[in-house]
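J.: Give me a model of this one.
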Amino acid sequence: MQMQYTKNLNNKSVLGIIRRFCGYIDPRLTEHGSHVAYIISRMLRNTGQYSQQELRDICFLAQLHDIGAYKTEEISKMLKFETDDIWDHSFYGYLFIRYFSPLKKLAPAVLLHHITWNFLENEEEPNSKIKNLSQILHIADRIDVSMSLEKRSWKETLQLIIQGTNNVFAPHIVDLAAKLDFQDSIENEWRNDSEYFDFLTSIPLSEEETTEYLKMLVFIIDFRSHHTVTHTITTTSISYELGKLLSLNEEHLNMVLCGSLLHDLGKIAIPVEILEYPGKLSRQAMAIMRTHVNYTKKIFGGSIDKAIERIALRHHEKLDGSGYPKKLRAEELTTEERLVAIADIISALTGTRSYKDSFPADHILTILNRMKHDGLLDEAIVDLAAEHLDEILDTTAIRCQPILSIYEKLRTEYESLPHLESYHEKLHFALTLKDLELMPSWP
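T.: Okay, the predicted model is just below:
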């Protein structure tokens, strides 16, 4: 079953969630991505070269084009007009977009968005459409760095772009840039351009595309914590199995799926030394860890359906009022909220960390039953989970393996890059990678 419970989420809402989420990693790249998307929309909106849907997707790609820098820590070096060591973040971003976003077909443009035209022009691969898009990204990227970060005027920036014609930049793409005319900062023009924001919502994302963007966020958490990624995937699967055992109808099952998928997004704002601490957290560190629920709410920004938001935000509440963040009691917690709280605990207990192995099923049952008898967890759901725990865990392991295999494949491919010396070798390696099967449902 594919999670599709994404009502009330339009393009602007999805982009807002992505921007707020990524802003907790490094706001410089989030703002830069927003600006680059805006510059590209100005370059292309009246050319007729792309359909409205294609242009929408290009703007989403532009928002994410430097996503690899979140992983490779090249941010300070790359946010300069002249850059040399740009391959690592481009390659990781290419792999990420290719495997974990709805923009797979456009991913090669991210790979090539810092490659100079004199190199790219005569390469057999990729096709001319991708070459052009990579150059559009390249020029828009450099315009924003020049104006927003190095504080040049539009006239000075355009002169730099023109100076790079035929060498760094494709002449026909420079011609598109030359038609721009920025009277104010990119930030102010972006925020005040109602036509741009109207465009973002004019061609709506499909439910499937929206779902894939939300799933994509889970994998971005890898830039903070590999453990949190696997925990979220298994929590979603366990929640789904418990929901089926409770005979939830399709609407409520989808609410559970979406809430469990998004429940730990706020961990992106928690310092990695706390997320990955090898042992029991101190009282002070635990207080910081608990703020992840508040950050999740901020990331949602009021865009998520309220029932789904409550499921995501209440996964640490307990029936006796001892949970957090609001110390809610049993009468304030729905079945769906109680279910995801239990799935979260099971997932945490089955997960491996650097300092512990996965707990065996009998140990998990002991912990769940103790929490049930202490009045912390829903008795009926715990009993149902206990009765079917082996099959829940077996199904989850089978379901999650394909997606985790893709995740590991990305890491392996990225780690192979340093062994390649020339741009030609790297380009050939990247463009000839063989895909695994299409992204499986999880669920």
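J.: do you know how far the residue nearest the centre of the chain is from Glu121?
T.: Centroid-nearest residue in the chain, with C-alpha atoms, centre = their mean: Leu217, separated by 2.5 Å. The gap separating Leu217 from Glu121 is 36 Å, by C-beta to C-beta, to the nearest Å. From N, CA and C alone the C-beta is placed, and that goes for glycine too.
J.: And the pLDDT at the residue nearest to the centre of the chain?
T.: Looking at Leu217, its pLDDT reads 89.
J.: Just list the residues touching it, thanks.
T.: By C-beta atoms under 8 Å, 6 or more residues apart in numbering, the contact set of Leu217 is Ile17, Ile18, Phe21, Leu262, Leu265.
J.: Can I get stretch 282-292 in CSV, CA atoms only?
T.: Taking Å, rounded to 0.1, in the frame of the first residue of the first chain, the C-alpha atoms of stretch 282-292 are listed here in CSV:
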residue,chain,number,x,y,z
SER,A,282,22.6,13.0,30.5
ARG,A,283,19.6,15.0,31.9
GLN,A,284,20.8,18.1,30.0
ALA,A,285,21.3,16.2,26.7
MET,A,286,17.9,14.5,27.1
ALA,A,287,16.2,17.8,27.5
ILE,A,288,17.8,18.9,24.2
MET,A,289,16.8,15.6,22.5
ARG,A,290,13.2,16.1,23.6
THR,A,291,13.0,19.4,21.7
HIS,A,292,12.9,17.4,18.4
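J.: if we can go back for a sec, can you tell me which of the contacts of Leu217 has the most neighbours?
T.: For the contacts of Leu217, neighbours were counted using other C-beta atoms under 10 Å, and Leu265 has the most, 28 neighbours in all.
J.: What is the subsequent helix or strand relative to the helix or strand bottoming out on mean pLDDT in the chain?
T.: Lowest by mean pLDDT, DSSP states H and E among the helices and strands of the chain is helix 75-78, with a mean of 56. Downstream of helix 75-78, the first helix or strand assigned by DSSP states H and E is helix 87-100.
J.: What helices and strands are in contact with that following helix?
T.: helix 52-64, helix 68-72, helix 107-111, helix 207-220, helix 389-415, helix 423-431 (3 or more C-beta pairs under 8 Å, 6 or more residues apart in numbering; DSSP states H and E).
J.: Deepest-packed of those helices, please.
T.: Stretch with highest mean neighbour count among those: helix 107-111 (a mean of 25; mean count of other C-beta atoms under 10 Å).
J.: Which positions within the next helix or strand after it qualify as buried?
T.: Downstream of helix 107-111, the next assigned helix or strand under DSSP H and E is helix 117-120. Within helix 117-120, the residues scored as buried using 16 or more other C-beta atoms under 10 Å are Trp117, Leu120.
J.: Quick check: Tyr196 vs Leu15, distance?
T.: Going from Tyr196 to Leu15 by C-beta to C-beta gives 11 Å.
J.: what does His32 give?
T.: 14 Å.
J.: Kindly report the same for Asn254.
T.: Asn254 is 22 Å from Leu15, by C-beta to C-beta.
J.: and what of Phe91?
T.: Distance, Phe91 to Leu15, using C-beta to C-beta: 25 Å.
J.: just Asn369 next, same as before
T.: Shown here: Asn369 relative to Leu15, a distance of 45 Å by C-beta to C-beta.
J.: Kindly report the same for Met147.
T.: On the measure of C-beta to C-beta, Met147 and Leu15 end up 21 Å apart.
J.: Over to Ile162?
T.: For Ile162, the distance to Leu15 (C-beta to C-beta) stands at 31 Å.
J.: So which of these two has more stuff around it?
T.: Using other C-beta under 10 Å as the criterion, Ile162 and Leu15 rank with Leu15 on top: 22 against 14.
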